[in-house]
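[1] Sharing a sequence plus its predicted fold:
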Amino acid sequence: MTAFRISAEPIDPAALARSLVHARAGACATFEGLVRDHNDGRAVQRLDYQAYAPLAQSEGERIIDEAREKFAIVEACCVHRAGALAIGDLAVWVGVSAAHRGAAFDACRYIIDEVKKRVPIWKNEHYADGESGWLHPDNTPVV
Amino acid sequence: MTAFRISAEPIDPAALARSLVHARAGACATFEGLVRDHNDGRAVQRLDYQAYAPLAQSEGERIIDEAREKFAIVEACCVHRAGALAIGDLAVWVGVSAAHRGAAFDACRYIIDEVKKRVPIWKNEHYADGESGWLHPDNTPVV
Amino acid sequence: MNYRVLYFASLRDRAGMDAEQINSLATDARGLYSELRARHGFTMGEERLRVAINGAFAQWGQTLHEGDEVVFIPPVSGG
Amino acid sequence: MNYRVLYFASLRDRAGMDAEQINSLATDARGLYSELRARHGFTMGEERLRVAINGAFAQWGQTLHEGDEVVFIPPVSGG
């Protein structure tokens, strides 16, 4: 399985978590990013993710490789949704297994932080007032 | 549901994760501690967890309450197994949901760190050579 | 006075029992542990243990009362 | 020279298209963006964008070749 994927289909966290299991992995840290019902004080109804897929793929794989170099981990995986999502939908999933919990937590956090900074995926939020807007990494609107 | 539990039965992470879902929670961090096949250079075959249940329960709840006070989280839950476990079995599960990922990660790590330090649960490892031993928090044997 | 003492982990193995009723002249956990240490040959000193009285962590010098449940807590190793 | 340009997020909305073939005298991404900015009225300056050439992040001054795929990357917001 590729360690990083953009998925047009819903993410299955249980199946992904099984891919991290290893007899020498005593720790598994996961992160789920879900669509919230509000952002920056506005009610959100749904959102779309657009991705520049080939570059997102290679940059995502690079991030996982960096995590493997920086931290003593066993397995790592990240899947990011593309397309239309509703409130509560899983937008991104990261999972890391390691012998010890420090490396699992640190690598999991590194991966989601870097994905949000560097992978060419864009979130367009649709608000209750009928407006929509592309967002910056800090969740403020792109003007 | 109680936020902290000692369980004689296998842990169901999917059911626990569902209990954390909330429309305003955009982030969910989880930690799974699994029985490894080795520790401190020795091959482990299985292990037993013993707990002083009433104090484990109250101390576990105290830790979750502390996490709620320290970090801006929505829900938090921790379940620790007692009894006999095999390699790969889930020994402890922690899950935290929050509006933002920083609080989710920090609270999840706080809970597992404090549980390992303070909750009266003891691990007895059974080794391939037929010996067994109670462990310290740093995974070295109790002499 | 009569106390109930529960044993866990290496103390349970050494004592060869989960729990016992003790009639003792000790008036605090420190004195009680000292007595039980001699009786069962526990190797861990007080400085490596915590003490719980009636299900809550307590001080070694806390006065014990008739019927108290006392537990000496070895270094924990959950997770 | 002929380049293929892909648009994403706010640039896509402003350009009103996902992609276009461009015949341009520009020899690097900087010159090409300047030309497209004037044509489509993009408000974001080069300092807020990154550039990718043929699917890899690149420098603004990198020389373009016939048929290159060029993408101007607005601030990302995945996760």
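    Perfect, I can see it now. What you are looking at is a predicted structure, and each value in this text was computed from that prediction instead of being measured. Numbering: from 1, shown residues only, chains lettered A, B, ... in the order given.

[2] can we go C-alpha only for contacts and neighbour counts from here?
    Noted.

[3] Mind jotting down where the strands sit in chain A?
    In order along the chain, chain A carries the following strands (DSSP state E): A:4-7, A:27-34, A:38-39, A:42-51, A:73-81, A:83-86, A:90-98, A:121-127, A:132-134.

[4] Now distance to residue B:11 and mean neighbour count too, for those strands, in TSV please.
    As requested, the strands of chain A are arranged in TSV below (distance: least, Cα to Cα, whole Å; neighbours: other Cα atoms under 10 Å in any protein chain shown):
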stretch	distance to residue B:11	mean neighbour count
strand A:4-7	28	19
strand A:27-34	14	28
strand A:38-39	32	18
strand A:42-51	33	20
strand A:73-81	22	24
strand A:83-86	29	16
strand A:90-98	18	28
strand A:121-127	35	23
strand A:132-134	40	19
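
[5] Quick one: closest of those strands to chain D.
    Minimum separation from chain D across the strands of chain A (Cα to the nearest Cα) falls at strand A:121-127, 4.7 Å.

[6] about what we covered before: pipe the strands of chain A into TSV and attach distance to chain B and mean pLDDT per row.
    As requested, the strands of chain A are arranged in TSV below (distance: least, Cα to the nearest Cα, whole Å; pLDDT from 0 to 100):
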stretch	distance to chain B	mean pLDDT
strand A:4-7	19	97
strand A:27-34	5	97
strand A:38-39	7	86
strand A:42-51	10	92
strand A:73-81	12	98
strand A:83-86	11	96
strand A:90-98	9	97
strand A:121-127	14	92
strand A:132-134	18	83
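
[7] Format those strands as a markdown table; extra columns: distance to residue D:39.
    Compiled in a markdown table, these are given as follows (distance: least, Cα to Cα, whole Å):
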| stretch | distance to residue D:39 |
| --- | --- |
| strand A:4-7 | 32 |
| strand A:27-34 | 37 |
| strand A:38-39 | 33 |
| strand A:42-51 | 23 |
| strand A:73-81 | 32 |
| strand A:83-86 | 29 |
| strand A:90-98 | 35 |
| strand A:121-127 | 23 |
| strand A:132-134 | 21 |
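
[8] Can you name the residue of chain C nearest chain A?
    Closest point on chain C to chain A, by Cα to the nearest Cα, is residue C:79, at 9.5 Å.

[9] Report how many residues lie close to that residue.
    Neighbour count for residue C:79, taken as other Cα atoms under 10 Å in any protein chain shown: 29.

[10] and what of residue C:8?
    Once other Cα under 10 Å is used to define contacts, residue C:8 is seen to have 22 neighbours.

[11] OK, contacts around residue A:26?
    For residue A:26, the residues meeting the contact criterion (Cα atoms under 8 Å, 6 or more residues apart in numbering or on different chains) are A:97, A:98, A:99, A:100, A:101, B:33, B:34, B:35, B:36, B:88.

[12] So of the residues you listed, which two are at opposite extremes in space?
    The largest distance within the contacts of residue A:26, taken as Cα to Cα, falls between A:101 and B:88 and amounts to 15.1 Å.

[13] and those two? which has more neighbours close in?
    The residue with the greater number of neighbours, taking residue A:101 and residue B:88 and applying other Cα under 10 Å, is residue A:101; the counts read 24 against 18.

[14] in which helix or strand would I find the residue nearest the centre of chain C?
    Note on chain C: the residue nearest the mean C-alpha position is residue C:72, at 3.7 Å, using Cα atoms, centre = their mean. Element membership of residue C:72, judged by DSSP states H and E, is strand C:69-73.

[15] and that strand, anywhere near chain B?
    Yes: if you take Cα under 8 Å from any Cα of the partner chain as the test, strand C:69-73 does meet chain B, through residue C:73.

[16] between that strand and strand B:121-127, what angle do the directions make?
    Direction vectors for strand C:69-73 and strand B:121-127, defined by axes from the mean of the first three to the mean of the last three Cα atoms, to 10 degrees, enclose an angle of 50 degrees.

[17] Run the chain-centre distance for stretch A:37-46.
    Between the mean C-alpha location of stretch A:37-46 and the chain-wide mean there is a distance of 19 Å, by Cα atoms, centre = their mean, to the nearest Å.

[18] Near residue 65, how many other residues are there?
    Chain wasn't specified; assuming chain A. Residues near residue A:65, counting by other Cα under 10 Å, number 14.

[19] my bad, the chain I had in mind was chain C
    The burial metric for residue C:65, expressed as a neighbour count using other Cα under 10 Å, is 13.

[20] where does the closest residue in space to residue C:68 that isn't next to it in sequence land in three-state SS?
    Once its chain neighbours are removed from consideration, residue C:68 has its nearest residue in residue C:3; the separation is 5.2 Å (Cα to Cα, 6 or more residues apart in numbering or on different chains). Taken by DSSP: H, G, I helix; E, B strand; the rest coil, the conformation at residue C:3 corresponds to strand.

[21] Fine by me, we can end here.
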